[in-house]
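Participant: only geometry, no sequence info:
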């Protein structure tokens, strides 16, 4: 398996899942703005949307979309128990993956992070944050994880919550969310993945500044 | 099962899936703006996000998020073959559900349909349509459905493409997408669901106009 990633982008969730599973995988860095793979290839030739994560699962098959890639990793390494096998609990996992992907990632954070965005777009996105973080906070109160144990939904959520600090979304207003973030970030697989990608992120920022 | 729906909203996809499966289900209309169920209940008491679809699956369990609800219906009625059982094909279904939910539904259409939106937000959203419809068009060229046969991803896609006419997104520029839409809309379960919800939509618009 080869994970196309960009440092601290949503592909971090898949790296966390792979570390949790103890999977051996390659990690290939992508400049998602230039749509360029580190080895010089056009990233649009890998996936036409030009977005990470893109997971090459072998046989020329490339899988995209966080909800699909994360469940694929969970199912390929069932011993790591990163997703309920089936039934209503699996549906709940899919519900949280859907909530994080549509309500937090796309509705709130993408417009706040996007360099092609503007003040009106950012205000519209930021206005959506409170209800979504309130719903999340109510669910996390008294819980350690989104489901009964750590799952790929937590890998995705901690990845997305990490963007709060970059976008002026202050999680202090939702202590259950902030406490959850600190707790999950301290997990070894998460701490390792975030530390490695933070270093790569600083490198890419420095390279951009000196271009 | 009881599906909380709003006419022609994304919950239409679940109605289509239930019709495809020949499932017996209740359908309960919701005013998602007033957050009010047709029987007078506060819809926020059903689901804290106040969004459809919300599927009451029994035992007081309410499931939300299109990707979760649609896969739940597919798995509960396996004879209808609305989703591949597992493996890479299931991951592809999840990839398309993710693409439709994050890239089309949330990134393009919600800002165009939302009454709290504004011109700058709409321009930002509309600017995203071309790449996404191009990717979709390339995939649909020479194919009847998103996967090898009709699936819940098609139920979701035909529901979302129906909003193009309400939002000034002209599908004529992508003939493979327009032809797909017309083909899937002619499917009996889809035609029935859209006809019924179109009538309910007109009723709700008329009621709003005379208030």
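Facilitator: Sure, I can see it. This is a predicted model, so every value here is computed, not measured.
Participant: Report all helices and strands that whichever helix in chain A runs longest contacts.
Facilitator: Longest helix in chain A by number of residues (criterion: DSSP state H): helix A:188-209. When contacts are defined as 3 or more C-beta pairs under 8 Å, 6 or more residues apart in numbering or on different chains; DSSP states H and E, helix A:188-209 sits against helix A:12-21, helix A:175-185. In this view, the C-beta of every residue, glycine as well, is placed from N, C-alpha and C.
Participant: ok, residues contacting it?
Facilitator: Residues outside helix A:188-209 that contact it (C-beta atoms under 8 Å, 6 or more residues apart in numbering or on different chains): A:5, A:7-8, A:12, A:15-16, A:19-20, A:29, A:31, A:155, A:158, A:162, A:184-185.
Participant: That one to helix A:175-185, inter-axis angle?
Facilitator: 90 degrees (axes from the mean of the first three to the mean of the last three C-alpha atoms, to 10 degrees).
Participant: ok now helix A:188-209, how far from the chain's centre?
Facilitator: Centre-to-centre, helix A:188-209 and its host chain are 14 Å apart (C-alpha atoms, centre = their mean, to the nearest Å).
Participant: Pretty sure residue A:68 sits against residue B:98.
Facilitator: Yes. Residue A:68 is within contact range of residue B:98, at 5.5 Å (criterion: C-beta atoms under 8 Å).
Participant: low pLDDT regions in chain A?
Facilitator: Scanning chain A for pLDDT under 70 picks out no residues.
Participant: which of the helices and strands packed on helix A:188-209 sits most buried?
Facilitator: Neighbour counts (mean count of other C-beta atoms under 10 Å in any protein chain shown) averaged over each of those peak at helix A:12-21, with a mean of 26.
Participant: Which strands or helices does it pack on?
Facilitator: strand A:2-5, helix A:66-76, helix A:152-161, helix A:188-209.
Participant: helices or strands next to the second one in the packing?
Facilitator: Counting by 3+ C-beta pairs under 8 Å, 6+ apart, the packing neighbours recorded for helix A:66-76 are helix A:12-21, strand A:54-58, helix A:87-98, helix A:152-161, helix B:87-98.
Participant: Check which residues of the third one are buried.
Facilitator: The neighbour-count criterion (16 or more other C-beta atoms under 10 Å in any protein chain shown) identifies A:88, A:90-98 as the buried residues of helix A:87-98.
Participant: ok, back up a step: can you redo the helices and strands packed on helix A:66-76 as TSV with distance to residue B:105?
Facilitator: Formatted as TSV, the helices and strands packed on helix A:66-76 follow (distance: least, C-beta to C-beta, whole Å):
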stretch	distance to residue B:105
helix A:12-21	20
strand A:54-58	21
helix A:87-98	10
helix A:152-161	18
helix B:87-98	10
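Participant: and of those, who's closest to residue B:58?
Facilitator: Taking C-beta to C-beta, helix A:87-98 is the member of those nearest to residue B:58, at 9.7 Å.
Participant: Which residues does the closest one contact?
Facilitator: Residues outside helix A:87-98 that contact it (C-beta under 8 Å, 6+ apart): A:66-67, A:70-71, A:83-84, A:146-148, A:151-153, A:156-157, B:57, B:61, B:63-69, B:71-72, B:75, B:94, B:101.
Participant: Run the chain-centre distance for the helix or strand following that helix.
Facilitator: The first helix or strand that comes after helix A:87-98 along the chain, using DSSP states H and E, is helix A:110-113. Remark: helix A:110-113 is offset 14 Å from the chain centroid, using C-alpha atoms, centre = their mean.
Participant: Next: stretch A:8-22.
Facilitator: Worked out by C-alpha atoms, centre = their mean, stretch A:8-22 lies 8 Å from the chain centre.
Participant: ok, now stretch A:124-144?
Facilitator: Remark: stretch A:124-144 is offset 17 Å from the chain centroid, using C-alpha atoms, centre = their mean.
Participant: and if you look at stretch A:51-70?
Facilitator: 13 Å.
Participant: what does stretch A:141-160 give?
Facilitator: Put simply, stretch A:141-160 sits 12 Å off its chain's centre (C-alpha atoms, centre = their mean).
Participant: what's the span of it, first residue to last?
Facilitator: Using C-alpha to C-alpha, to the nearest Å, the end-to-end distance of stretch A:141-160 comes out at 19 Å.
Participant: Give me the buried positions along that stretch.
Facilitator: Neighbour-count burial for stretch A:141-160 flags A:145-147, A:150-160 (criterion: 16+ other C-beta under 10 Å).
Participant: what residues does it touch?
Facilitator: Identification of contacts with stretch A:141-160 by C-beta under 8 Å, 6+ apart yields A:10, A:12-14, A:16-17, A:20, A:66, A:70-71, A:73-74, A:81-84, A:89, A:92-93, A:96-97, A:100-101, A:104-105, A:109, A:136, A:139-140, A:176, A:180-181, A:183-185, A:187, A:190.
Participant: and if we set it to 6 Å?
Facilitator: If you take C-beta atoms under 6 Å, 6 or more residues apart in numbering or on different chains as the criterion, stretch A:141-160 is touched by A:10, A:12-13, A:16-17, A:66, A:70, A:74, A:82-83, A:93, A:96-97, A:100, A:104-105, A:176, A:184, A:190.
Participant: and the helices and strands packed on helix A:188-209 as TSV, adding distance to residue A:124?
Facilitator: Below are the helices and strands packed on helix A:188-209 laid out as TSV (distance: least, C-beta to C-beta, whole Å):
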stretch	distance to residue A:124
helix A:12-21	25
helix A:175-185	22
